[in-house]
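*Asks:* Need a 3D model of the following:
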Amino acid sequence: EGGFRVTPRSAAPSPFPSATPAMAASAQLALPSVRPRVGHKPRRRTVTSRATTATATKESAKSKESAYAKELEVATDAVRMASTLCQEVQGQLMRQDEQAVTKDDKSLVTLADYAAQAIISWRIQQEWPDFTMVGEEDAEALVSGGEGGAETLEKITALVNKTLRLHKGDDAPVLSTTELVTLIDKGKGSGGLGRHWVLDPVDGTLGFVRGDQYAIALALMEDGDLKVGAMGCPNMPKMGEVLEYDSSYTYGFSPRLVSKMLAGESLGWFKGCLFTAVKGEGAFMTPCDASLKVEPVPVQCSATFDPKTAKFCEPVMKANSSQGFTASVADNLAMTSKPLRVYSQVKYGSVARADADVFMKFPKAGYKEKIWDHAAGVIIVEEAGGKVTDAGGVPLNWAGGRYLDTLDRGIVATSAALHERLMDAVSQSWGSSQL
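*Replies:* Model prediction:
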């Protein structure tokens, strides 16, 4: 119980530098490209987390007669389709068949960002034609000729139609580029009070283009209250296997498992985790791959806190969060472990299934958090028994539009039992350090 179990073993290298495109394609995945920073060498050890291995019974996995049963069904189906689509694009990126482009705001965008938003919008529209969505993307640049213009839009349309055929068979429509533009632009919603879907079609685009972790994060909110969440994490190991580096952990796979993947062996559910939650009904984890018939597994945050074995997770990039400040907070909690550094809202999944006890993000002063970067992950952690607030202990305000404008300094997620101690630790660190 508690903490990662460390066993000596060589760390898994990225398979893509040495693998042929055909080998990568046959494996149908883009594995985390475990790339230490310059001057940092991995210690060549593989670590396995304490994520639950229990299999839920049908009775425990099924929701009670829920007012949001249809919303959960649609969200799960939409995220699964988007996961299939994104994995195909990530494979293309790894083979250098495609490349990311830089938007005007200096962030990266790929075919998958637009295509995932379009296919999720399409699925929601089948049930609720007049739905509103607060999404990250819009089609303005594509329509005006930027980011590849018409050629990129044709690729996106082909990718969406291919994925619809794969998942819906003969019932799949054939969408036009005009319809794709309309679907992408559903994400232009302003949010606030009312009923809105919230979507980040590819959260953690930098991780995505590097062959690492990313998430497709979809949530439903009503009058600022999160009701449903579905988050696909296509590269997340089922059992939370991680690799250890000089200053951190990261999710990865052992060399033996990588070899089996590239050889095309059927390994069942070993990666690709889809987290779902409905308010008041708990959080569950299932395979992203719909062909794997596995009952949902309930997930729970850590029930206890032992500083000797506890783990915290944070963003990979220093530009996204003050790693020095999070280290100070961890020190105040007497935590001795290195951080688990992961791209995207996968970090919320890490806390929800107890791979980590705490998630902390403290961006630079003036940075405005977007609601789509957190909504799905937050309801999943909360339904797994956790608590998510800003650094002052206040719940996040989802009714304020597209941004979390009232946020106090940063965001923290942890078990309900640890939250008060975490707030004390943040206060102690803040008193001696300013971001």
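*Asks:* Could you find the closest non-adjacent residue to residue 228?
*Replies:* residue 220 (4.1 Å; CB to CB, 6 or more residues apart in numbering). Using the backbone N, CA and C atoms, a C-beta is placed for each residue, glycine as well.
*Asks:* Can you tell me the element that neighbour falls in?
*Replies:* Residue 220 is located in strand 215-222, with elements delineated by DSSP states H and E.
*Asks:* who does that strand pair up with?
*Replies:* strand 195-203 (antiparallel), strand 225-237 (antiparallel) (DSSP bridges).
*Asks:* For that strand, what is the distance to the chain centroid?
*Replies:* In terms of CA atoms, centre = their mean, to the nearest Å, the centre of strand 215-222 is found 11 Å from the chain centre.
*Asks:* what about residue 356, how many neighbours?
*Replies:* 30 (other CB atoms under 10 Å).
*Asks:* Contact partners for it?
*Replies:* Contact analysis of residue 356 by CB atoms under 8 Å, 6 or more residues apart in numbering lists 311-313, 340, 347, 350.
*Asks:* Next one: the closest residue to residue 172 other than its chain neighbours relative to residue 171, how far apart?
*Replies:* Sequence neighbours aside, residue 164 is the residue nearest to residue 172 in space, at 4.0 Å (criterion: CB to CB, 6+ apart). The gap separating residue 164 from residue 171 is 9 Å, by CB to CB, to the nearest Å.
*Asks:* Which one's more surrounded, these two?
*Replies:* residue 164 (20 against 8).
*Asks:* Locate the more buried one within the secondary structure: which element?
*Replies:* helix 149-168.
*Asks:* Please apply the same query to residue 212.
*Replies:* Using DSSP H and E, residue 212 maps to neither a helix nor a strand.
*Asks:* Just the pLDDT for it.
*Replies:* We have a pLDDT of 96 for residue 212.
*Asks:* ok, it touching residue 233?
*Replies:* No - between residue 212 and residue 233 there is no contact under CB atoms under 8 Å: 11.3 Å.
*Asks:* So between these two, which is more surrounded?
*Replies:* More neighbours surround residue 233 than the other of residue 212 and residue 233, with 31 against 26 (other CB under 10 Å).
*Asks:* Specify the beta-bridge partners of that one.
*Replies:* Beta-bridge partners of residue 233, as defined by DSSP bridges: residue 273.
*Asks:* Report the contact partners of the residue lying closest to residue 207 once chain neighbours are set aside.
*Replies:* Once flanking residues are discounted, residue 207 sits nearest to residue 343: 2.8 Å by CB to CB, 6+ apart. By CB under 8 Å, 6+ apart, the contact list for residue 343 reads 204, 206-208, 212-214, 315-316.
*Asks:* so can I have a markdown table of these showing distance to residue 283?
*Replies:* Output for those, formatted as a markdown table (distance: CB to CB, whole Å):
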| residue | distance to residue 283 |
| --- | --- |
| 204 | 20 |
| 206 | 26 |
| 207 | 22 |
| 208 | 24 |
| 212 | 24 |
| 213 | 19 |
| 214 | 20 |
| 315 | 22 |
| 316 | 24 |
